[in-house]
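# curious how this folds, go ahead:
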Amino acid sequence: MSTRKKSQNLAVPDSRPMDRAVPPYEPTLETIRARAYEAYVQRGRIDGFDLENWLQAENELRESYKKRTD
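Residues are numbered from 1 along each chain as shown. This is a model prediction of the structure:
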């Protein structure tokens with residue numbers, strides 16, 4: 001009985017750069033939360049605009065990032 005290991009056909013990773021698209025920027029929950037709070041304060045601390053403030057914060061942060069990378 002042979003104790004030799006069979007050679008494994010291991011693929012060597014290709015070292016060429018991959019043509020992958022960079023994923024879109026997603027702001028962190030903490031940065032969105034902070035910006036949404038700023039919007040809440042700017043509105044005069046009026047309740048009832050939670051969703052609007054959150055969506056505005058997301059959009060502003062994404063647009064700000066987009067302008068910096070263009």
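
# which residues in the chain form helices?
29-42, 50-69 (DSSP state H).

# by mean pLDDT, show me the worst of those helices.
Per-segment mean pLDDT for the helices of the chain reaches its minimum on helix 50-69, at a mean of 93.

# who touches that one?
Residues from elsewhere that reach helix 50-69 (C-beta atoms under 8 Å, 6 or more residues apart in numbering): 24-25, 27, 31-33, 35-40, 43. No exception for glycine: its C-beta is placed from N, CA and C like everyone else's.

# for Thr28, grab phi and psi.
phi -70, psi 160 (degrees, to the nearest 10).

# give me the number of neighbouring residues for it.
By the criterion of other C-beta atoms under 10 Å, Thr28 has 9 neighbours.

# need the helices of the chain in JSON lines (columns: mean neighbour count).
Below are the helices of the chain laid out as JSON lines (neighbours: other C-beta atoms under 10 Å):
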{"stretch": "helix 29-42", "mean neighbour count": "14"}
{"stretch": "helix 50-69", "mean neighbour count": "14"}
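
# of all the contacts of helix 50-69, which two lie farthest apart?
Farthest pair in the contacts of helix 50-69 (C-beta to C-beta) is Pro24 and Arg43. Separation: 27.8 Å.

# of those two, who's got more company?
Between Pro24 and Arg43, counting by other C-beta under 10 Å, Arg43 is the more crowded of the two (13 against 8).

# thought that one was touching Phe49?
Yes - using C-beta atoms under 8 Å, Arg43 is in contact with Phe49, at 6.0 Å.

# for Val68, give its distance to Arg62.
Wrong residue type there; residue 68 is Arg, not Val. With distances taken as C-beta to C-beta, to the nearest Å, Arg68 is found 11 Å from Arg62.

# check Val41 too.
21 Å.
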